[in-house]
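# I need the structure of the sequence given here:
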Amino acid sequence: MRTGLYQLPPDIEDFTGRDDAMRALEGLFETAGHRSTNVVVSSISGRAGVGKTALATRMAHRLRPSFPDGQLYVNLRGAEAKHMESAEVLGELLHELGVARGAIGDKLAERTRQYHDQLANRRILVVLDNAAEAAQVRPLLPESPGSAALITSRAQLGELEEATHEIVLDVLEEDQAIELLAKVVGAERVAAEPEAARMIVELCNHLPLAVRIAGAQLPATGDAPLAVLAERLAGEHGQLSELRIRDLEVRASFALNYKGFEEDERRAFRLLGLLRAPDFSAWVATALLDVELAEAERLIGNLVRAEVLEVARQTPSGQVRYRFHDLLRVFARERMWAEEAEEAQESALRRVLGTYLALAGYAAELLEPQEAEASSGPPADRLSGVVERIQADPATWFEDERLSLIAAVEHASENDLRELTWGLARALAYFFKLRTHWTAWEHTQQLALRAARRAQDRWATANALRSLGDVSVQLLQFQAAIAHFERALSLFHQLRDRNGEAWTRVGLGNAYSEQLRFEQALAQFEPGLALFGALGDRRGLGWAFEGLAVVYRNQGSLEESLACFNQGLALFREVQDRRGEAYCLHNLGLIHRDRGQFQAAFDWFDQAQPIFRELADRQGETFILVNKGHMLREEGRHDEALRCLDDCLKVFAQTGDRAGEAWTLLHRGLTYQAQGEFERALAEFDRSRELFEDKVGDPLGLARALSGRGQAFAALGDRANATRTWRAALALFNELGAAESSEIERLLAG
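Numbering: from 1, shown residues only. Reported below is the predicted structural model:
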């Protein structure tokens with residue numbers, strides 16, 4: 001698990017009051033990080049704008065020493081029309097905790113178990129901001145003593161039995177509200193006009209958000225008296241009260257502040273309300289407003305100083321991201337609907353989604369080696385600063401913008417902007433594949449498929465189906481993958497798109513290969529190879545050779561496999577496809593391992609390992625360690641093998657990779673067996689068998705675990721259990737057509 005995770009938003013500099021609440025929370029939480037009994041859970045409830053998030057953030061920053069393993073933060077968006085689902089939140093938290101995307105379970109129950117496993121024996125504070133209801137929160141609570149949760153919600157969460165303490169936050173006392181106003185406008189002004197200050201905070205109903213926004217107007221007007229602000233606020237209050245608008249005092253502050261903006265600031269504020277993402281970068285305003293980047297950054301800065309935008313977070317790469325308070329987002333959208341023509345709204349939306357597409361497409365071109373498709377080059381000059389960041393590290397840019405890009409696909413889909421929907425989904429696919437964002441990859445491609453079918457665009461439909469086939473293979477949903485690929489293949493054939501047909505055949509071959517259906521796999525790889533050769537697509541040829549080589553290796557045809565991997569490796573190096581190169585190096589190591597040429601295998605693995613590390617592919621790197629452990633066992637270096645496999649097991653357990661965990665346990669069982677420790681071997685085989693059968697669905701792994709289990713029973717003198725277990729293994733090996741069936745038959749005969 002990653003350590004030192006501190007995800008809190010910045011502390012609020014002008015935080016005021018709440019001394020009683022702070023003391024209560026501090027007393028409750030300070031010792032929580034050292035307890036060995038119950039988890040401490042506390043909730044803060046109260047109306048919008050009362051300062052719940054500010055209190056929770058201030059408290060969490062203060063408690064950092066008590067929770068040395070990290071502080072997780074998530075905005076649950078409970079006050080918005082579409083709040084975050086618990087499973088979605090857990091997926092993000094698990095990834096932040098170091099679990100590979102492909103290893104995160106699909107179901108809420110599985111993700112909850114993985115989350116609790118990750119937090120086990122850790123002292124972590126989880127801040128759950130803006131919760132909708134108890135049911136949303138419950139799966140997100142830590143279970144390990146020494147950890148704690150702090151929740152904010154507009155509603156009291158009385159049905160959340162886990163909450164050991166609840167604070168209902170009210171508005172500020174008058175003197176505290178005046179103190180906050182003084183921090184915003186200056187103590188001298190407040191001291192000079194105490195009655196006007198009192199009138200302002202009264203009209204704001206002592207709500208921190210309203211006071212902060214109302215006061216933020218004055219610094220821009222120099223020495224303007226507080227009395228002028230008080231009069232204007234009272235006038236706005238009166239107009240709104242006639243309309244009986246909810247949250248009167250907050251809206252009065254909003255409306256007055258909004259009227260005080262320059263026109264370009266008002267337009268920026270209301271058009272930013274278009275965005276669906278939880279936060280955004282300043283460059284987004286460039287596209288929304290059709291202005292230069294420097295102007296967009298100036299406007300964003302002004303809105304932050306006016307307290308209508310806030311800094312949400314800073315990404316690990318150092319990029320600042322902004323967000324609305326939920327009430328302000330609603331107000332911005334109301335102003336947009338009231339003041340912007342429908343055509344202007346649509347134009348702004350097309351501009352921002354089109355800019356996302358241009359940037360994502362450029363980042364994808366840099367990230368994925370290009371062969372058959374020509375590069376479109378960088379987007380417009382006005383985003384040169386953003387383009388430079390993409391050029392320096394496209395994967396990090398994608399990760400920073402990931403949630404915004406997913407929201408952009410959804411937004412395009414909801415507005416029936418079909419080409420933008422499938423274009424964005426297509427641009428994101430390789431990044432999602434590289435960083436194992438399987439759920440997001442599948443979700444965006446489903447939206448792309450729907451848009452393509454609505455448009456009756458066969459090419460876009462075929463591409464979405466092929467991408468869905470690829471992600472289904474990663475999710476081990478092989479029947480779905482085959483169905484997607486076959487539909488895509490039919491469309492590409494109708495369109496006479498030989499490149500699309502070739503890639504689809506390679507994908508279909510991989511799906512069959514994963515199911516050990518080797519003849520069907522070969523029937524796809526061989527024509528795919530011919531198509532790529534005719535097209536002169538060297539990268540495609542590399543992946544066709546790689547898929548073909550895996551089939552040959554699994555069939556025991558090591559010479560044919562070796563030749564294909566060497567051809568693939570040369571092609572990948574020629575086109576600078578680092579991912580393909582690493583896979584070929586890894587597989588070349590496996591061939592030499594299978595031949596018993598361990599030193600050569602170690603050399604190949606040592607070449608692949610740093611590339612996997614460069615690509616941040618922990619799974620690939622750890623599988624190399626598993627195979628090194630296998631070879632150390634074969635060389636009789638049992639203690640070294642166990643140390644290596646122990647390290648692997650920790651990583652797979654942390655990342656939630658059940659397949660990796662199952663294979664590692666199998667190799668540990670074989671190592672204990674080689675040492676003559678048959679009871680320990682049997683325990684490892686049992687754990688491996690359970691994972692292969694219940695979690696992974698890998699018949700070959702299950703057969704090998706049963707084979708080892710039978711040998712352990714035999715060594716312990718339990719011939720009846722050995723025979724029963726070997727028979728189960730033999731049935732699987734025969735079904736798979738595996739050569740190992742002959743060895744089981746020999747054992748049964750003996």
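
# residues touching the residue lying closest to residue 454 once chain neighbours are set aside, list them.
In space, and not counting its chain neighbours, residue 454 is closest to residue 418: 6.0 Å by CB to CB, 6 or more residues apart in numbering. In this view, the C-beta of every residue, glycine as well, is placed from N, C-alpha and C. For residue 418, the contact set (CB atoms under 8 Å, 6 or more residues apart in numbering) comprises 412, 451-452, 454-455, 457, 460.

# got it, and residue 683?
residue 669 are the contacts of residue 683 under CB under 8 Å, 6+ apart.

# What of residue 503?
466, 528, 540.

# quick one: pLDDT of the residue positioned nearest the centre of the chain?
Geometric centre of the chain, nearest residue: residue 92, 4.8 Å, by CA atoms, centre = their mean. Note for residue 92: predicted pLDDT of 83.

# quick one: it from residue 278, how far?
10 Å (CB to CB, to the nearest Å).

# Mark which of the contacts of residue 503 are buried, thanks.
466, 528, 540 (16 or more other CB atoms under 10 Å).

# The first one: which element?
Taking DSSP states H and E as the definition, one finds residue 466 inside helix 458-474.

# go on, the last one?
Assigning secondary structure by DSSP H and E places residue 540 in helix 538-554.

# now that helix, how far from the centre of its chain.
Its chain's C-alpha centre and that of helix 538-554 lie 30 Å apart, by CA atoms, centre = their mean, to the nearest Å.

# Which parts of the stretch 301-450 of the chain are helices?
Along the stretch 301-450 of the chain, the stretches classed as helices by DSSP state H, counting those that start in this stretch are 326-339, 342-367, 384-392, 394-414, 418-434, 438-454.

# Correction: the previous question concerned the stretch 551-700 of the chain.
Under DSSP H, counting those that start in this stretch, the stretch 551-700 of the chain gives helices at 558-575, 578-594, 598-614, 618-634, 638-655, 658-674, 678-690, 699-715.

# how about a markdown table for those helices, with distance to residue 327 and mean pLDDT added?
A markdown table is the format used below for the helices of the stretch 551-700 of the chain (distance: least, CB to CB, whole Å; pLDDT from 0 to 100):
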| stretch | distance to residue 327 | mean pLDDT |
| --- | --- | --- |
| helix 558-575 | 52 | 94 |
| helix 578-594 | 45 | 92 |
| helix 598-614 | 45 | 91 |
| helix 618-634 | 41 | 84 |
| helix 638-655 | 39 | 83 |
| helix 658-674 | 43 | 89 |
| helix 678-690 | 50 | 93 |
| helix 699-715 | 53 | 91 |
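
# Which of those sits closest to residue 736?
Nearest to residue 736, of all the helices of the stretch 551-700 of the chain, is helix 699-715, at 6.0 Å by CB to CB.

# Tell me which other helices or strands that closest one touches.
helix 658-674, helix 678-690, helix 719-736, helix 741-749 (3 or more CB pairs under 8 Å, 6 or more residues apart in numbering; DSSP states H and E).

# Most tightly packed of these?
Mean neighbour count (mean count of other CB atoms under 10 Å) peaks for helix 658-674 among those, with a mean of 24.

# what's the angle from it to helix 638-655?
160 degrees (axes from the mean of the first three to the mean of the last three CA atoms, to 10 degrees).

# other SSEs contacting helix 658-674?
Against helix 658-674 (3+ CB pairs under 8 Å, 6+ apart) you get helix 618-634, helix 638-655, helix 678-690, helix 699-715.

# Relative to residue 580, how far out is the residue nearest to residue 411 when sequence neighbours are not counted?
The shortest distance from residue 411 to any non-neighbouring residue, by CB to CB, 6+ apart, is to residue 276 (5.0 Å). Distance, residue 276 to residue 580, using CB to CB: 36 Å.

# Looking at those two, which is more packed in?
residue 580 (22 against 16; other CB atoms under 10 Å).

# and the nearest residue to that one once chain neighbours are set aside, how many neighbours?
Nearest non-adjacent residue to residue 580, counting by CB to CB, 6+ apart: residue 572, 3.8 Å away. Using other CB under 10 Å, residue 572 has 26 other residues around it.

# Return the residues in contact with residue 572.
Taking CB under 8 Å, 6+ apart, one finds 539, 542, 578, 580-581, 584 in contact with residue 572.

# any chance of those in JSON lines, with distance to residue 475 too?
JSON lines is the format used below for those (distance: CB to CB, whole Å):
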{"residue": "539", "distance to residue 475": "24"}
{"residue": "542", "distance to residue 475": "24"}
{"residue": "578", "distance to residue 475": "24"}
{"residue": "580", "distance to residue 475": "21"}
{"residue": "581", "distance to residue 475": "25"}
{"residue": "584", "distance to residue 475": "24"}
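
# Looking at those residues, state which has the most neighbours.
In the contacts of residue 572, the most neighbours by other CB under 10 Å go to residue 584, 29 neighbours.

# shouldn't it be in contact with residue 569?
Yes - contact criterion CB atoms under 8 Å: residue 584 and residue 569 qualify, at 4.1 Å.

# what do those two both touch?
In contact with both residue 584 and residue 569: residue 542, using CB under 8 Å, 6+ apart.

# Low-confidence ranges, the stretch 351-500 of the chain, go.
370-378, 380 (pLDDT under 70).

# how about low-confidence regions in the stretch 101-250 of the chain?
Ranges of the stretch 101-250 of the chain meeting pLDDT under 70: 101-103, 158, 161-164, 219-223, 236-250.

# And the strands in it?
Using DSSP state E, counting those that start in this stretch, the strands of the stretch 101-250 of the chain run over 125-131, 148-153, 165-168.

# what are the pairing partners of the first one, and which direction each?
The reference is to strand 125-131. strand 70-75 (parallel), strand 148-153 (parallel) (DSSP bridges).

# show me where the stretch 101-250 of the chain has helices.
Assigned by DSSP H, counting those that start in this stretch, the stretch 101-250 of the chain shows helices spanning 108-119, 134-137, 174-185, 187-192, 194-203, 208-215, 226-243, 248-260.

# Spatially nearest residue to residue 160, not counting backbone neighbours?
residue 134 (4.0 Å).

# got a list of what the closest residue to residue 589 other than its chain neighbours touches?
With sequence-adjacent residues excluded and distances taken as CB to CB, 6+ apart, residue 589 is closest to residue 604, at 3.5 Å. Shown in contact with residue 604 (CB under 8 Å, 6+ apart): 585-586, 588-589, 592.
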